[in-house]
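A.B. asks: Prediction below, plus the sequence it came from.
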Amino acid sequence: MSLDFENQRLFERIEAQMARGDLKGAVGSLRRLLALDPDSALGHALLSLCLRDLKRLHAAEHEARLALSLEPELPLAHFALAMVCHGQRKSEEALRSLEQALAFEPESVVFLRGKALLQGAAREREAARQTLERALSLNADDPQTLVALGELELERGKLLEAGRYAREALGLAPETAEALVLQGRVLLRQGKVEEAREHALWALRIDATDGRALHFLVEVKARQNWLLGLWWRYASFMSGLGDGRQILVLTLGFGIYRLLLLLAGDFGARDLSQVLQVAWLALAAYSWVGPAIFQRMLAKEMKQVTLSANY
């Protein structure tokens, strides 16, 4: 068996694995390919994209830069670096790399969706919409572009338009998890919690590891349980701050608590002092048990997903 034939067979397997969301399997196949051909810039670029989706950003950046060093004019390598930089919140470098990818392939629908993603992250929603409409004009049957447009409309509070894009995407590809989640979010905004939950479970039956679907299922559970909902909103807020800001917020919170406690003592407000201590202890206990409660609830839901999938 020739090396070229083996590489071609591996690339076909990798493409299929990535298409069905089997990122870990694709990483294994890519490592095998790169063992046979260490100088495959395309292999390194694809590995970068897989690692990026697996949240292994440092390794993903290494692979993207290695791909560019091997083939500086490979559009996919520039795109991979752009997506990694976006994950690292390096906005300027991400946009610069994305523009370089589009300079090589200006009509790439995938690259245009990537540009819209960066524009949306920069709050340039109108520019993002125009970019996505251009992508849709190049391929009107691309469900991912329709989902991206629907998500923009949902951010603007345009539920009817968002739902229309979701239905169009599902009409083209009924097994598209992103479209199911988008339709579920529309239903949740409309107060149809149980229907939204069914869409989340449906998406997870397609791919039980889909991060977007899992996150949405948590949103639905948070809506059904106000106590869990409070914890989830707090956890989402804190996780969006990053490690450094989280420490700063927690330190300031504790400092404010101690200051109020001292002031209550100085003014002889003993009842207020006791209320503050009980409230702080309740918050600490809630932060401690909240994740455990959530994990049990999510495990219960995922058990239903697994049983349905097996059935």
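C.D. replies: Cool, the structure landed.

A.B. asks: what bits of the stretch 1-150 of the chain have low per-residue confidence?
C.D. replies: 1-5 (pLDDT under 70).

A.B. asks: Helices of that one, residue ranges please.
C.D. replies: Applying DSSP state H, counting those that start in this stretch to the stretch 1-150 of the chain gives helices spanning 3-19, 23-36, 41-53, 57-70, 75-87, 91-104, 109-121, 125-138, 143-155.

A.B. asks: Over to the stretch 151-300 of the chain?
C.D. replies: Under DSSP H, counting those that start in this stretch, the stretch 151-300 of the chain gives helices at 159-172, 177-189, 193-206, 211-224, 226-239, 243-266, 270-310.

A.B. asks: what comes up buried for the first one?
C.D. replies: By neighbour count on 16 or more other CB atoms under 10 Å, the buried set for helix 159-172 is Glu161, Ala162, Gly163, Arg164, Tyr165, Ala166, Arg167, Glu168, Ala169, Leu170. Bear in mind the C-beta positions are built from the backbone N, C-alpha and C, glycine included.

A.B. asks: likewise the fourth one?
C.D. replies: Taking 16+ other CB under 10 Å as the basis for neighbour counts, the residues of helix 211-224 that come out buried are Arg212, Ala213, Leu214, Phe216, Leu217, Val218, Glu219, Val220, Lys221, Ala222, Arg223.

A.B. asks: How far off centre is it?
C.D. replies: 13 Å (CA atoms, centre = their mean, to the nearest Å).

A.B. asks: neighbours of Ala67, just the number please.
C.D. replies: Using other CB atoms under 10 Å, Ala67 has 25 other residues around it.

A.B. asks: Can you give me the distance of it to Ala41?
C.D. replies: Between Ala67 and Ala41 the distance, using CB to CB, to the nearest Å, works out to 5 Å.

A.B. asks: Make JSON lines out of the buried residues of helix 159-172 and add distance to Ala94 and pLDDT.
C.D. replies: Formatted as JSON lines, those follow (distance: CB to CB, whole Å; pLDDT from 0 to 100):
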{"residue": "Glu161", "distance to Ala94": "28", "pLDDT": "94"}
{"residue": "Ala162", "distance to Ala94": "26", "pLDDT": "94"}
{"residue": "Gly163", "distance to Ala94": "30", "pLDDT": "94"}
{"residue": "Arg164", "distance to Ala94": "30", "pLDDT": "95"}
{"residue": "Tyr165", "distance to Ala94": "25", "pLDDT": "96"}
{"residue": "Ala166", "distance to Ala94": "27", "pLDDT": "95"}
{"residue": "Arg167", "distance to Ala94": "32", "pLDDT": "95"}
{"residue": "Glu168", "distance to Ala94": "29", "pLDDT": "95"}
{"residue": "Ala169", "distance to Ala94": "26", "pLDDT": "94"}
{"residue": "Leu170", "distance to Ala94": "30", "pLDDT": "93"}
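
A.B. asks: Dump those to a markdown table, plus distance to Leu98.
C.D. replies: As requested, the buried residues of helix 159-172 are exported to a markdown table (distance: CB to CB, whole Å):
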| residue | distance to Leu98 |
| --- | --- |
| Glu161 | 26 |
| Ala162 | 25 |
| Gly163 | 29 |
| Arg164 | 28 |
| Tyr165 | 23 |
| Ala166 | 26 |
| Arg167 | 30 |
| Glu168 | 26 |
| Ala169 | 23 |
| Leu170 | 28 |
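
A.B. asks: Can you pull up the most central residue in the protein?
C.D. replies: Per CA atoms, centre = their mean, the C-alpha nearest to the average position across the chain is that of Arg212, at 5.5 Å.

A.B. asks: So the closest residue to that one other than its chain neighbours versus Leu154, what's the distance?
C.D. replies: Counting by CB to CB, 6 or more residues apart in numbering, the nearest residue to Arg212 once its immediate chain neighbours are dropped is Val181, at 5.3 Å. Relative to Leu154, Val181 is positioned 11 Å away (CB to CB).
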